[in-house]
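Trainee: Show me the folded form of this:
(2 chains)
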Amino acid sequence: MYFIEQFSNWKFYLVGAYPAGSMGGLLLNIVLAAIALSLSFFFAIILGCGRLSPKKYIRYPFGWFIDIVRSTPLLMIVFWFYFFLPYLLGEHVTVFGSAAFALVVYGASYQAEIVRAGILAVPRGQMEAALTVGLSKYQAMRYIIMPQAFKIMLPSFISFFVSLFKDTSIAYIIGVIELTQSGVIVSQRQPDRIYAAYLCVALGFWTVSYSISRFATSLEKRLGTIDLWRFSLVPGKR
Amino acid sequence: MMVTGVKLTLLLLVTTTLISFFVGTVLAVMRVSSVKALRILGTLYVEICRNIPGLFWLLFFYFVFPELLPSEWGKALNTYEHYPVVAGILGLTVDNSSYVSDILRSGKLAIPDSQKEAAITLGLKPVQQWLYVMLPQMYRAVLPPLGTRMIHNFKNTSLCMAITATELTWATQQIESLTFRGIEATTIATVFYIIVSALMVAVVLGLEKYLKIDMTSITKSKA
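Mentor: Predicted coordinates for the structure are as follows:
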């Protein structure tokens, strides 16, 4: 009975005070990771392509940006946004907003490298053939190179998603009430529940990351046979 | 304050890199060993630690670990003034070593089995097989991802501010709250992180060049 009582606030870990109050707990981690991933994906494609541009004045700034963000700790990026976004925008930014912003910038520059590696891994002949057929450079990129590069990138993207999901725990430091914060709050208010609180935090992160990485391994195994043109950006064409 | 922060950050970098390198190697050997119990143990450790954020391990070692110990020991740890640093080293090591072992394991898969068979044929003991034949080749094979991981670990040392270890990021926050000169302090810290990361990249690239072997000569002699 005592044991079950220890976990009586499982809902707080899972969704925070969600239906009645603000969202929190594991749900917030997932939302944060989903926002960061979906937004940063588009920026990553722009950054990655920009880094591969033949024009020096485009390639260098993009390269610098990616390298600088990649060699700064995520926590530092979070602080930059936390302190300086209000200066830039001139209005108050919530902790959730600044964490999301930082994760988008961080995710974009990490994924840009994945995009770049993926594009470079497509054989050169593909681009040459596409240009010979008479496609414009943009069309060749979009219909020939990207679908193939995407297939190569997919495993790295998923493992990056796991890493990004775990990194959402950093929002704890600036005070977002996500899963780690929920655990710490419970363990401080009810010290007798310290083990239960930390167990729940660990279990929450572990379950989600483990299932994503399991999915990634199964996908990697299947990738050899799967027809990825089905996922391509060309509707109806194979 | 910045200087003590830099010192502690570098201390954390060096200690966690060395310890997690060692622990990661042991785990990798465990995970590919022929003893089933060791294999399961190693895999269990890696699967658990890799899927939980590093920040959790830091908080765990800082808040929960002293409670798990007998009460006198726990009290001694809680009153020990450098305990945040110790907890930081433990937490970062747990996080990093699982990644290191995973990287090394993939390095083992890249080495042909004939190497091990040759080592056995030469009459080397298991320890010697690993130390003199397998591990050097494994390290060489995985140098680029291992370097990336160590740089990632260096950046993760900034998380130790959450457990009040007085490292660089903590120092910038202190300066911000004491003097409101957060912009200057954060800029300096960011530049420091970028410089050290760049240095680590240079070291890894240098090592790669230094340890490179001419693969064509080997394949030729094989043929």
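
Trainee: any idea how far B:Ile19 is from B:Val142?
Mentor: Note on B:Val142: its distance to B:Ile19, by C-beta to C-beta, to the nearest Å, is 18 Å. C-betas here are computed from N, CA, C, even on glycine.

Trainee: Kindly report the same for B:Ser33.
Mentor: Distance from B:Ser33 to B:Ile19, counting by C-beta to C-beta: 21 Å.

Trainee: What residues does the residue nearest to A:Trp206 when sequence neighbours are not counted make contact with?
Mentor: Spatial nearest neighbour of A:Trp206, excluding adjacent residues (C-beta to C-beta, 6 or more residues apart in numbering or on different chains): B:Asn51 at 4.7 Å. Neighbour list for B:Asn51: A:162, A:166, A:205-206, A:209-210, A:213 [criterion: C-beta atoms under 8 Å, 6 or more residues apart in numbering or on different chains].

Trainee: Among those, which lie within helices?
Mentor: A:162, A:166, A:205-206, A:209-210, A:213 (DSSP state H).

Trainee: out of those, which are buried?
Mentor: A:162, A:166, A:205-206, A:209-210, A:213 (16 or more other C-beta atoms under 10 Å in any protein chain shown).

Trainee: Quick one: the residues you listed as JSON lines, columns for pLDDT too.
Mentor: Output for those, formatted as JSON lines (pLDDT from 0 to 100):
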{"residue": "A:Val162", "pLDDT": "91"}
{"residue": "A:Lys166", "pLDDT": "93"}
{"residue": "A:Phe205", "pLDDT": "94"}
{"residue": "A:Trp206", "pLDDT": "94"}
{"residue": "A:Ser209", "pLDDT": "93"}
{"residue": "A:Tyr210", "pLDDT": "93"}
{"residue": "A:Ser213", "pLDDT": "88"}
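
Trainee: burial count for B:Val86?
Mentor: 16 (other C-beta atoms under 10 Å in any protein chain shown).

Trainee: Summarise which helices and strands the helix or strand where it lies is packed against.
Mentor: According to DSSP states H and E, B:Val86 maps onto helix B:83-110. Judged by 3 or more C-beta pairs under 8 Å, 6 or more residues apart in numbering or on different chains; DSSP states H and E, the packing partners of helix B:83-110 are helix B:2-32, helix B:36-50, helix B:54-59, helix B:65-68, helix B:135-141, helix B:143-156.

Trainee: tell me which residues of that helix are tucked away?
Mentor: Those would be B:83-105, B:107-108, for helix B:83-110 by 16+ other C-beta under 10 Å.

Trainee: Between helix B:2-32 and that helix, find me the angle.
Mentor: Helix B:83-110 and helix B:2-32 are oriented at 40 degrees to each other (axes from the mean of the first three to the mean of the last three C-alpha atoms, to 10 degrees).

Trainee: pLDDT weak spots in chain B?
Mentor: B:214-223 (pLDDT under 70).

Trainee: Tell me the residues of it that contact chain A?
Mentor: B:47-48, B:50-56, B:59-60, B:63-64, B:67, B:151, B:155-159, B:161-162, B:169, B:172-173, B:176, B:182-183, B:186, B:189-190, B:193-194, B:197-198, B:201 (C-beta under 8 Å from any C-beta of the partner chain).

Trainee: could you redo the last one with a cut-off of 6 Å?
Mentor: Taking C-beta under 6 Å from any C-beta of the partner chain as the criterion, chain B approaches chain A at residues B:51-53, B:55-56, B:60, B:64, B:155, B:158, B:162, B:169, B:182, B:186, B:190, B:193-194, B:197.
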